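*Asks:* build me a model:
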Amino acid sequence: MSGRTDGTGMFRSLRVRNYRIYASANLLSLTGTWMQRIGQDWLVLQLSGDSGIALGLITALQFGPTLLLSMYGGVLADRYAKRRMLVVTQALMGLLALVLGLLVAADGIALWHVFVLAGALGAVSAIDAPVRQAFVSELVGPELLTNAVSLNSTIFNGARLVGPSVAGLLIGAASGDTAPAFFVNAASFAFTIAALLSMRNSELHPSPPVARAKGQLREGLAYTWAHPDLVLAMGLAFVLGTFAFNYQVTIALMAREAFGLGAQAFGFLSTCFAVGSLSGALLSTRRSARPRQRFLVGAAVVFGLFTIACGLMPGYWSFAAMLVPAGAAGLVFSVANNSFVQLGADPQMRGRVMALYFMCFMGGTPLGAPLIGWVSEHLGAPWGLILGGAVAVLAGCGAAAWLARGRRVRLEASVAPPRLQLHVGPRTVPSAQVRTAAEAAARQAPGQQAASGS
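*Replies:* Residues are numbered from 1 along each chain as shown. Have a look, this model is predicted:
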């Protein structure tokens with residue numbers, strides 16, 4: 001099988017050989033990445049004395065460079081061969097993971113080392129992410145893009161399902177030593193590099209390269225601003241990415257502070273969230289068309305409500321159970337928003353548009369993660385979840401109000417099966433404008449009739 005794209009089904013993108021190779025290696029690499037995230041968060045808690053602010057700061061350092069470098073990464077994605085760029089970025093991320101592991105193993109690690117390496121990893125990831133996002137369309141073509149994006153999320157959350165559990169077991173078996181998790185992640189990048197090098201170039205769908213020129217960053221911003229649908233999607237991505245998608249901070253603090261448990265319990269809670277995320281990703285693979293804006297709005301509100309519910313859970317097991325639907329709702333929103341933006345952008349602008357999207361989705365983390373960490377540390381870990389969920393609900397309601405300007409809106413809810421649907425009618429025209437248009441048509445009618453009779 002080579003580049004076939006025919007047929008239907010949840011896994012139809014896997015019929016494409018290049019994508020199949022990429023997806024298999026990506027599963028191994030992302031498992032290592034999640035192991036490093038768990039190990040890094042646990043290492044920060046060990047070195048900082050369980051500081052929520054330090055945990056938020058390490059997250060901010062890892063995602064902060066997105067604000068500065070993501071758009072530049074998008075320009076590079078539109079200008080150069082994406083596959084070659086990914087080989088370089090994957091090799092650099094593997095090297096950074098190896099350095100962190102060696103420092104921990106040699107017992108020479110300090111908190112500032114973790115901060116510096118997290119910032120360096122964030123800088124490389126800021127270039128890697130928009131290139132990788134845009135590369136998906138070159139692997140499968142536009143017909144399978146929505147399915148491929150959903151499968152990528154399935155793979156991402158399948159790795160999230162396995163990685164935290166394995167990391168928790170490794171750290172627990174090593175009496176709290178996080179070095180094995182970092183070494184496994186460093187080795188995992190080799191699989192992605194090998195997959196990229198083994199692809200058949202003739203079966204890729206490259207977009208025409210954009211020549212080097214001045215003002216390409218501004219061109220990407222202007223293009224996005226001229227499309228209100230993209231602005232809406234990126235606005236939701238920014239607000240939810242800043243305040244609601246901080247589970248890497250809140251789950252760790254809930255495990256350690258609210259419940260007084262160790263690394264294995266932390267890994268289990270992360271796995272529960274991943275189970276829900278994986279379910280949401282699998283549901284999203286059935287979608288073949290571009291999502292509607294009202295679907296994005298509804299998904300944002302539902303995710304916010306589940307996040308609030310997580311913060312209200314009274315015990316460890318009820319919290320673990322609520323993480324499953326919260327993860328599913330978050331992933332449904334994330335996949336839909338990603339597909340919506342990719343399918344709404346012209347191929348020659350896709351790298352820059354996806355860079356801006358990634359900057360919105362992850363760039364707010366340097367602001368949101370320390371804030372959520374501060375709230376969790378001073379008011380209690382549950383309040384970090386409650387605040388983030390409330391902001392997501394308000395953002396969804398605000399977006400719904402913006403969409404509903406001049407339209408008839410109806411909300412339908414049902415219990416069996418559980419369903420929440422937002423129906424937005426066509427935009428209504430004020431009666432004064434209707435009368436003006438009718439009078440203008442009446443005035444033009446005699447002249448048109450005379451012209452047609454002559």
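*Asks:* quick one: contacts for the residue nearest to residue 380 when sequence neighbours are not counted?
*Replies:* For residue 380, the nearest residue in space outside its immediate sequence neighbours is residue 258; the separation is 7.2 Å by Cβ to Cβ, 6 or more residues apart in numbering. To be clear about C-beta, it is placed using only N, CA and C from the backbone, and glycine gets the same treatment. Neighbouring residues of residue 258 by Cβ atoms under 8 Å, 6 or more residues apart in numbering: 319, 380-382.
*Asks:* after whichever strand or helix holds residue 323, which helix or strand is next?
*Replies:* Secondary structure here is read from DSSP states H and E; on that basis residue 323 sits in helix 316-343. Downstream of helix 316-343, the next assigned helix or strand under DSSP H and E is helix 350-363.
*Asks:* and the gap between residue 255 and residue 245?
*Replies:* 18 Å (Cβ to Cβ, to the nearest Å).
*Asks:* looking at those two, which is more packed in?
*Replies:* Neighbour totals were compared for residue 255 and residue 245, and residue 255 leads with 27 against 22 (other Cβ atoms under 10 Å).
*Asks:* tell me the spacing between the more buried one and residue 45.
*Replies:* With distances taken as Cβ to Cβ, residue 255 is found 10 Å from residue 45.
*Asks:* contacting residues around the closest residue to residue 161 other than its chain neighbours?
*Replies:* Counting by Cβ to Cβ, 6+ apart, residue 274 is the residue found nearest to residue 161 once chain neighbours are left out, at 4.1 Å. With contact taken as Cβ under 8 Å, 6+ apart, residue 274 is in contact with 157-158, 160-161, 164, 327.
*Asks:* the domain parsing of the chain - what is it?
*Replies:* Domain ranges of the chain: 12-205+216-403, 411-454, per automatic domain parsing.
*Asks:* quick one: average pLDDT of the helix holding residue 323?
*Replies:* If you average the pLDDT over helix 316-343, you get 88.
*Asks:* check stretch 247-266 too.
*Replies:* Predicted confidence along stretch 247-266 averages 80 (mean pLDDT).
*Asks:* that older thread, filter the contacts of residue 258 down to the buried ones, ChimeraX style.
*Replies:* Selecting just the buried residues from the contacts of residue 258 in ChimeraX takes one command, with 16 or more other Cβ atoms under 10 Å as the test:
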select :319,381,382
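*Asks:* just the ones in helices from the contacts of residue 258, please.
*Replies:* Mapping these onto helices (DSSP state H) picks out 319, 381-382.
*Asks:* take those residues and write them to JSON lines, including distance to residue 83.
*Replies:* Supplementary listing: the ones in helices among the contacts of residue 258 in JSON lines, determined by distance: Cβ to Cβ, whole Å:
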{"residue": "319", "distance to residue 83": "42"}
{"residue": "381", "distance to residue 83": "42"}
{"residue": "382", "distance to residue 83": "45"}
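*Asks:* before we move on, the earlier item: most tightly packed of the domains of the chain?
*Replies:* Mean neighbour count, computed with mean count of other Cβ atoms under 10 Å, is highest for domain 12-205+216-403 among those, reaching a mean of 21.
*Asks:* for it, how far is the first residue from the last?
*Replies:* By Cα to Cα, to the nearest Å, the extent of domain 12-205+216-403 from end to end equals 33 Å.
*Asks:* how far away from the center of its chain is it?
*Replies:* Taking Cα atoms, centre = their mean, to the nearest Å, the mean C-alpha location of domain 12-205+216-403 is offset from the chain mean by 5 Å.
*Asks:* ok, residue 339 - contacts?
*Replies:* Counting by Cβ under 8 Å, 6+ apart, residue 339 touches 145-146, 149-150, 287, 290-291.
*Asks:* what of residue 121?
*Replies:* When the contact criterion is Cβ under 8 Å, 6+ apart, the partners of residue 121 are 62, 93, 96-97.
*Asks:* so it versus residue 89, what's the distance?
*Replies:* Taking Cβ to Cβ as the measure, residue 121 and residue 89 are separated by 11 Å.
*Asks:* how about residue 129?
*Replies:* With the distance defined as Cβ to Cβ, residue 129 ends up 9 Å from residue 89.
*Asks:* cool, residue 346 as well?
*Replies:* Taken as Cβ to Cβ, the spacing of residue 346 relative to residue 89 amounts to 24 Å.
*Asks:* low-confidence stretches in this protein?
*Replies:* 1-9, 50, 66, 157, 208-215, 263, 287-288, 363, 365-366, 406-454 (pLDDT under 70).
*Asks:* centroid-nearest residue for it?
*Replies:* The centre of the chain sits closest to residue 334, judged by Cα atoms, centre = their mean, with a distance of 5.4 Å.
*Asks:* the closest residue to that residue other than its chain neighbours: which element?
*Replies:* Leaving out its chain neighbours, the residue that sits closest to residue 334 by Cβ to Cβ, 6+ apart is residue 153, at 6.7 Å. If you go by DSSP H and E, residue 153 is part of helix 145-173.
*Asks:* which is the next helix or strand following that helix?
*Replies:* Once helix 145-173 ends, the next helix or strand along the chain (criterion: DSSP H and E) is helix 179-197.
*Asks:* now do that next one against helix 145-173, angle only.
*Replies:* For helix 179-197 against helix 145-173, the angle between stretch directions is 150 degrees (axes from the mean of the first three to the mean of the last three Cα atoms, to 10 degrees).
*Asks:* can I get helix 179-197 in CSV, CA atoms only?
*Replies:* In CSV, the C-alpha atoms belonging to helix 179-197 read as follows (Å, rounded to 0.1, in the frame of the first residue of the first chain):
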residue,chain,number,x,y,z
ALA,A,179,16.5,10.1,35.6
PRO,A,180,15.1,6.9,34.0
ALA,A,181,12.1,8.8,32.6
PHE,A,182,14.4,11.3,30.9
PHE,A,183,16.7,8.7,29.4
VAL,A,184,13.7,6.8,27.9
ASN,A,185,12.4,10.1,26.3
ALA,A,186,15.9,10.9,24.9
ALA,A,187,16.0,7.5,23.2
SER,A,188,12.4,7.8,21.9
PHE,A,189,13.3,10.7,19.5
ALA,A,190,15.4,8.3,17.4
PHE,A,191,12.3,6.5,16.3
THR,A,192,10.7,9.7,14.9
ILE,A,193,13.9,10.7,13.1
ALA,A,194,14.2,7.3,11.5
ALA,A,195,10.5,7.5,10.4
LEU,A,196,11.1,10.9,8.8
LEU,A,197,14.1,9.7,6.9
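*Asks:* next helix or strand past it?
*Replies:* Per DSSP H and E, the helix or strand that comes after helix 179-197 is helix 216-225.
*Asks:* and that following helix, what does it pack against?
*Replies:* Contacts defined by 3 or more Cβ pairs under 8 Å, 6 or more residues apart in numbering; DSSP states H and E place helix 216-225 against helix 65-79, helix 228-243, helix 350-363.
*Asks:* on that earlier part again, got JSON lines for the contacts of residue 121, with distance to residue 323 and secondary structure too?
*Replies:* As requested, these are arranged in JSON lines below (distance: Cβ to Cβ, whole Å; DSSP: H, G, I helix; E, B strand; the rest coil):
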{"residue": "62", "distance to residue 323": "22", "secondary structure": "helix"}
{"residue": "93", "distance to residue 323": "27", "secondary structure": "helix"}
{"residue": "96", "distance to residue 323": "29", "secondary structure": "helix"}
{"residue": "97", "distance to residue 323": "27", "secondary structure": "helix"}
